[in-house]
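Participant: A structural model of the following input is requested.
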Amino acid sequence: MAVLTPRPLGWRKPVPRAGVFLPMRTLVLIDGQNLYRLAMRAFGPGRPYHWPSYDVVKLAAALASTTSGRTVSAIRFYTGVPHQSQDAPWHRFWNNKLRAMQRQGVYVYRGRLRAYGQDIKEKGVDVSLAIDLVQATHQQSYDHAIIVSQDADLAPAVALARQVAQSQARTISLQSAVPLVPGLRLFGIHGATLLPIDQALYDACLDLTDYR
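Facilitator: Down below sits the predicted model:
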């Protein structure tokens, strides 16, 4: 498998020579827990959908290839990771899986998990993703962004990214990639074009490694 060379958020697009075509730089931002829950709802509950069984490098490439002329320039992955005292097996799983992603050139953000009564909530994930999207827009480091999430809290960041690009006299495109639930109306992040993830695409991007 090809290893993605990470680029800093400040990386800028080369100026093309006359007659030279440059592929559309595609930034892929993935909310790992959101994708896991949505995929389990859409395709589960059985194996292999009852754990985060996706390969983010394969998935990013597959999503980018849904439109010709796009090439993945960066992958950024965000997830909450439980402390070992909270859940030792999941702590071990995520640490091992995230290290494997980093070896492939994926940027990884580890958020925290906090308990609120019976509920467990992530801390810092959506905020970090939103900041990275806006910063990458300001630094002109992508032409197209795919946000793998359905989180409505990201809508203000999508709107701000469009405003920043407009102030730079640039046109960007933004998509919200969401697993397709049969029989249910699908919606993504407001302000981003919906990109459905069907079961065939998801299954082609599985990572069945036991990271425990």
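Participant: What residues sit buried inside the lowest-mean-pLDDT helix or strand in the chain?
Facilitator: Using mean pLDDT, DSSP states H and E, strand 119-123 stands out as the lowest-scoring helix or strand of the chain, at a mean of 77. Of the residues in strand 119-123, E122 count as buried by neighbour count, 16 or more other Cβ atoms under 10 Å. Heads up, the C-betas are built off the backbone N, CA and C, glycines and all.
Participant: So which elements touch it?
Facilitator: Helices and strands touching strand 119-123, by 3 or more Cβ pairs under 8 Å, 6 or more residues apart in numbering; DSSP states H and E, are strand 70-80, strand 107-116.
Participant: any idea which of these is most buried?
Facilitator: Mean neighbours per residue, mean count of other Cβ atoms under 10 Å, is largest over those for strand 70-80, with a mean of 22.
Participant: For P23, give its distance to Y109.
Facilitator: Separation of P23 from Y109 (Cβ to Cβ, to the nearest Å): 26 Å.
Participant: Identify whichever of the helices and strands packed on strand 119-123 lies nearest to R170.
Facilitator: Nearest to R170 among these is strand 70-80 (15.2 Å), distances taken as Cβ to Cβ.
Participant: Which phi and psi values does D55 adopt?
Facilitator: phi -100, psi 110 (degrees, to the nearest 10).
Participant: May I ask you to confirm that it is in contact with L206?
Facilitator: Yes. Look at D55 against L206 with Cβ atoms under 8 Å: they come within range, at 6.4 Å.
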